Structures are given as structure tokens and as C-alpha cells.
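A.B. asks: just a sequence and a predicted model for now, questions to come.
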Amino acid sequence: MSDLVLKDVRKAYGEARVIHGIDLDIRDGEFVVFVGPSGCGKSTLLRMIAGLETVTGGDVIIGGEKVNDIVPADRGIAMVFQSYALYPHKDVYGNMAFALRHAGEDKAVIDERVKKAAEILGLEALLKRKPKELSGGQRQRVAIGRAIVRDPEIFLFDEPLSNLDAALRVQMRVEILRLHQRLKTTMIYVTHDQVEAMTLADRIVVLRDGRVEQVGTPLELYHHPCNRFVAGFIGSPKMNFLAIDPIDDGRRVRYRQSAPIDLHVKTRSGAVPTEIGIRPEHVRLVEPGKGAFDGTVFVVERLGGETFLHVDFGHEEPFVVKADGGVQLRSGDVVGLVFPAETLHLFDAEGVAFEQTERHALLG
Amino acid sequence: MTNIASTGRARAGRARGLSTKAAVHTVLLGYTIIAIFPVILVILNSFKNRRGIFSDPLGLPRGETFSMEGYATVLTQGDFATYFANSIIVTVSALFLILLLGAMAAHALAEYRFRLNTLLGIYLILGIMVPIRLGTVAILELMVDLNLVNTLLALILVYTAQGLPVAVFILTEFMRTLSRDIKDCARVDGLSEYRIFFEVVVPLIRPVLATVAVFSMIPIWNDLWFPLILASGDATKTVTLGVQQFIGQYTVNWSAVLASLSIAILPVLGLYALFSRQLIAGITSGAVKG
């Protein structure tokens, strides 16, 4: 059993509080990703689970046992670091065998486990190399191999792919996924990259300023973000936001001087929608004059398979529309924009999202 | 047109590169000659007799000026084997203690967050600014009280104290640049803090340890002050002190002085060769991203 439970976990360095009471329940075999902007406390939280940081308040419970005061080596965890942290004076074999040798494991057992990990990661030919003779991807594989041989109950990954180039990152992402499918071990993965979070996670934990903003599957977070922060953080390019004026206690809204529109949302007492959000991929392009409003394209980013259009219609923040790769638009062209109602998100002044009872054609 | 122009420019650039290189090497060569000249002079003259030294100090030893009398005196008179052994024991022991204690103190200062960390660091480094010789009287009194006068241990302790501030200073600065991940990784692997220091940190700082060793070694080997005051007995004399017996009030046996100094260069050279192999940087490359 290797469930991980965090109960009101807190961390403070003297007066500076960085983690403000986090409750979390991670099931055996789950792949959970902690994601958030830098400085949100995600790495600190991971290090507290590892035992590398002391817990100021609350409990960390692994497999039903409180581990607050247990040293990292006895927690049944293995950690993979962003900088690989390989021992430079040991070869690949020595790096992978180090922890087991230190634990006084039998030589034959060590050999078998190292060979098996090397096979899983395709490192057989490199066992005699020193870390400096390896490429970045190979080094990270050795770091993962070092974690595998320890046969941990929980894998902890601290931004393991941040030092790799883009192509390698995509490749290693797939390898980590396959590793999880093969080992079926609990994995906790910290990243600031929402694409990694979306592609890897069974469940994502979005953190901000030492607090959990939302926990859910990637698609839950994508379709039902509970607030403006999560809505803006998940998805790339990020969601567009437009300030709106509520009328009639929030039963209707309008954008600038457009016609008022009826809302079908579960209104809360004391809260009215003041902002709508729409993802770039949900905006539809039509002929000028046929949409909610017209805008001028001022930047065209062509990615081949898709095109990102930056559209100006007098809005303060950048407004991005995702279009086909073959779209025949150039900078300076005027387009009409349609916001399909079922794709709109509504937020109040505090940024809290509204649940929609019935999604309705809003703003055209 | 542009092609010709650019080749011309390239040629001019190459020529300029060559002349710069020549200038740099001239300066370096001149500096090397100035630095090595006294050493060469000592070695050359150590192979001459007294008359040869004074009549032609810069000449090569040949014919009637060539003589091994200096070496003969050194090897027969006095107990130079003991002096050498003393010098080597004192230098190597003091170096070992400086490196061990210095690295441990630096590791603690760089790695652990505790109250008074900064203050303790400043206290340990203060010795750089205060010459240890200022405390000679107190040190002598202390050694007398401890019954350590005329022992090698007295010298070893004093030299360790003398070398520690610089060692702590250099090593702390370097340890701060070590990756925190690698130490954390060792913690997850189950190593105790001592084993992290000896098995993970020490191999990583070997080049810096060698640098500190070279820096600390020379003043210890060459020191005359403390051997004269703390260990002037015949059994505990070091080489630099032993040489003094050839320097009389009225006559100086130059052949013997120069011969003993020439021999004294060898052990230091040996130690330097030992450390310089470690000086090659880049030993940490591959540990962390890079």
C-alpha cells in the first residue's frame, strides 16, 4: 500500500510562510502532477514529501504511516532531480548501484536490478561510461534508472525535463508515461509546464502561492476550471479574457456597447459575472460584419498544422484565435469573430467561475 | 569584390592574431625567465666550489669550478636526512589537517542553515587579516605549558591554525556553487551527513583541494620562524632551519647552503606534481547540467 495523504501540510521559513495548509489524497499507482508558476511552492511540497524539507505543520502519511520525522531513505521514495544530480566520479553502473550498495544489498541482487533498469531505459551499452560522457537525455535516463533500481513505492520527479531541449523533452515525456504504465507505481511529478502536466497526469494539482487552486483530471481542469487562474494556466495558448458589464443582478451581461445577452448560469448571491473567458481554439472566424464584432489581425503565427492569429478589436489584453494551418489571412486583414456559447467561461470579480446550467449563445 | 575584400580582411586578422600571440608569449616567456632565474642560479652554483661561486656566479660549472663539495658536506655533516623527514612530516600532516578541517568547516558553512552561520564564517576567516606571528609569544607560552616545545606536533598545530582561514575562505566560496540536488540525492539514497561529505562532496571538490594544498604548502615548507622558536632541537629541525648551520657569523659555506636548498626544492616539486594532476578543472562536468 503506498497511498500518500497530506493533511493540512504547512511550511514556513521563520516568518515567511510558503505552504498554507494543503490537503491531498493520492491513490496507489496514480500519476499526479503538481503544476504552478515559479515560486508557488510545488517543489517545496515535493521536497517535504521526500523528507528533504521539514514539515512545519500537518502530517505527511505514506501507506498509512506518518512519516514527518522519518529520514528520506526510509520513506520508500526515490527522487529524480532537475539537474540529474549524478555522481560525477562514478560510472553509470556505479551511479545506479550506489544506493543499494550503501544499503548492504547482495551483489547478485544489485547486478540483476541494475541490469533490469538499464534494459528498461536502453542504457545497457552505456554502463561503463562516466556522466560527463553522456548526453543530456542519457543523463536523465540514468537518473531515472537510479530511482528504478531502488524499487520505491513512490517516484518523485522534480522538473526532470526542464534542462532538455524541446524534441528530447517530448520523447522523454513519452518514456516516462510508458514507465508508469509498466511499473504501475505511484508517481508525483512537479513541473511549471502545463503541457507536461496535461499529457502525463492522471490528476493535476494546480498550485498558487502555497495553496491548492484545483485538483482534477486534465480534462476537468480544461473544461471546468474553478477560477480565472486555473482557466488561464491550463491550455496553450492561454484563454482570452474579456471584461463585461453585468445588468439585472447578473442575469444579463454585455461587452462594451453590444446588445445585452441573457445568461443561464447558476448565480450566487452577492456575485455577478464580470468577465468571460474563451479559449483560442473555440473562437470561430467568419466574414467581417457577420460575427459578434470585427477585429484586425496584427500578428500571424504559422505553426504548419495550425495558425495563431493575434486579433485587435480595441481590447486591452492580447486576443488570440487559433485557426487552421492553411488559413489565408495576413496581417492587416479584418475578420469577424464568433464566440460559441457552449465554450464560454464566466467569472466574478474575485475570479471565481460560475457553473453554467445551460450554455447559451452569448455575444452572438 | 566583396570576396577579395573579405579574404584580405581575414588575412589581416590572422596576421594581427599572430602578432598578438607573439607579444603575449614574449611577455610570458620573460616572466618565466625572471621567475625561474634565481632557482636555476641556486642549482647551478650548488655544483661549484667556493671559488667558482664568487669568481663567476653566472657561469656554468665546468673544469676546475665543478665540485660536489656542497653536496658532500650536506650529506656528511649534520643530520639532513632527519631534517628532511621532519620537514616532510610537518608539511604533509599540517596539509592533511588543513584540508580535512577546512573542508569540513566549509561544508558546514555552505550547506547548513543555522543561527550565527555568517558570524561564524567571518570569525573563521578573520585569521587571514591577522598574521599568526603576532601571537608568537602567546603560542610559545602555550606550547611550554603543554610540554610541546621541541616536538613536531607543535609545528603541525601552528601551521594548521595558520593555513585554515584561507582554506575555509576558498572552500566555502566553492562549496556554495556545488549543486544542492546531488547532496539531496545522496540523502534520499540513505547516506549519513558524514558519508555525504566524504563520498559525494570531497570527490567533487578535489581540484579546489589541490589548489588550497599548493597555496598552503609553500609557506609551511619555507618557514623559518616557528621552527626556530618552537622546535630548534637537533631532532626536530626542519630543512630551512638546518641550512642555518652553514651560515656562520663570519663565514658562510655557500656550496653547502645552495646544495641543501637545491635538495629542498625536490620534495615540494614532488608534492606539487601530485596536486597539479588534480588541478585539472572540469572534473565536475557531467554531474549537473552542462
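C.D. replies: Thanks, I have it. Since the model is a prediction, treat every value here as computed from it, not as a measurement. Residues are numbered from 1 along each chain as shown, chains lettered A, B, ... in the order given.
A.B. asks: from the stretch 51-200 of chain B, which residue is nearest to chain A?
C.D. replies: B:Gly190 (3.0 Å; C-beta to the nearest C-beta). Where C-beta positions appear, they are placed from N, C-alpha and C, glycine not excepted.
A.B. asks: correct me, but that residue touches A:Arg101?
C.D. replies: No. With contact defined as C-beta atoms under 8 Å, B:Gly190 does not count as touching A:Arg101 (10.6 Å).
A.B. asks: and these two? Which one has more around it.
C.D. replies: Each of B:Gly190 and A:Arg101 has its neighbours counted (other C-beta atoms under 10 Å in any protein chain shown); B:Gly190 has more, 17 against 13.
A.B. asks: torsion angles phi and psi at the residue most central in space within chain A?
C.D. replies: Among the residues of chain A, the one closest to the centroid is A:Ala197, at 3.2 Å (C-alpha atoms, centre = their mean). The phi/psi pair for A:Ala197 (degrees, to the nearest 10) reads phi -60, psi -50.
A.B. asks: contacting residues for it?
C.D. replies: Counting by C-beta atoms under 8 Å, 6 or more residues apart in numbering or on different chains, A:Ala197 touches A:Val33, A:Val35, A:Tyr189, A:Thr191, A:Ile204, A:Pro218, A:Ile234.
A.B. asks: show the pLDDT at it.
C.D. replies: Per-residue confidence (pLDDT) for A:Ala197: 94.
A.B. asks: distance check, it against A:Cys226.
C.D. replies: 16 Å (C-beta to C-beta, to the nearest Å).
A.B. asks: what segments of the chain are helices?
C.D. replies: Here I'm looking at chain A. Along chain A, counting by DSSP state H, helices occupy A:42-50, A:92-102, A:107-121, A:136-149, A:166-183, A:194-200, A:218-223, A:228-233.
A.B. asks: that's the other chain; I wanted chain B
C.D. replies: Assigned by DSSP H, the helices in chain B fall at B:2-46, B:50-55, B:69-76, B:80-111, B:117-125, B:136-145, B:152-176, B:180-188, B:193-195, B:202-204, B:206-222, B:225-230, B:239-243, B:254-279.
A.B. asks: out of these, which gets nearest to A:Ala50?
C.D. replies: Ranking the helices of chain B by proximity to A:Ala50 (C-beta to C-beta) places helix B:180-188 first, at 6.3 Å.
A.B. asks: can the closest one be said to contact chain A?
C.D. replies: Yes. For helix B:180-188, a contact with chain A is found by C-beta under 8 Å from any C-beta of the partner chain, at B:Asp181, B:Ile182, B:Asp184, B:Cys185, B:Ala186, B:Arg187, B:Val188.
A.B. asks: ok, how many other residues are close to the second one?
C.D. replies: It stands for B:Ile182. Neighbour count of B:Ile182, defined by other C-beta under 10 Å: 22.
A.B. asks: surely it meets B:Ile205?
C.D. replies: No. The criterion here is C-beta under 8 Å, and B:Ile182 misses it with B:Ile205 at 11.9 Å.
A.B. asks: was I right about B:Phe47 contacting B:Arg62?
C.D. replies: No. The criterion here is C-beta under 8 Å, and B:Phe47 misses it with B:Arg62 at 9.6 Å.
A.B. asks: of those two, which one has the most company?
C.D. replies: A count of neighbours by other C-beta under 10 Å puts B:Phe47 above the other of B:Phe47 and B:Arg62, at 22 against 11.
A.B. asks: burial measure for B:Gly30, as a count.
C.D. replies: 10.
A.B. asks: from chain A, how far out is it?
C.D. replies: 37 Å (C-beta to the nearest C-beta, to the nearest Å).
A.B. asks: and if you look at B:Leu44?
C.D. replies: For B:Leu44, the distance to chain A (C-beta to the nearest C-beta) stands at 43 Å.
A.B. asks: tell me the contacts of A:Leu329?
C.D. replies: A:Leu285, A:Val297, A:Val300, A:Thr307, A:Leu309, A:Ala323, A:Val335.
A.B. asks: if we go to 6 Å?
C.D. replies: A:Val297 (C-beta atoms under 6 Å, 6 or more residues apart in numbering or on different chains).
A.B. asks: so how far is A:Phe319 from it?
C.D. replies: Counting by C-beta to C-beta - A:Leu329 and A:Phe319 are separated by 15 Å.
A.B. asks: same deal with B:Thr251?
C.D. replies: According to C-beta to C-beta, B:Thr251 stands 98 Å off from A:Phe319.
A.B. asks: contacting residues around residue 228?
C.D. replies: Chain wasn't specified; assuming chain A. Taking C-beta under 6 Å, 6+ apart, one finds A:Phe347, A:Gly351 in contact with A:Arg228.
A.B. asks: can you look at chain B instead?
C.D. replies: Contact partners of B:Leu228, counting by C-beta under 6 Å, 6+ apart, are B:Leu241.
A.B. asks: and the residue of the stretch 151-300 of chain A nearest chain B?
C.D. replies: Counting by C-beta to the nearest C-beta, the stretch 151-300 of chain A gets nearest chain B through A:Asn163, at 4.3 Å.
A.B. asks: how near is the residue in the stretch 251-364 of chain A that chain B sits nearest to to A:Lys7?
C.D. replies: Closest residue of the stretch 251-364 of chain A to chain B, C-beta to the nearest C-beta: A:Leu303 (28.0 Å). Counting by C-beta to C-beta, the gap from A:Leu303 to A:Lys7 is 44 Å.
A.B. asks: appreciated, that's everything.
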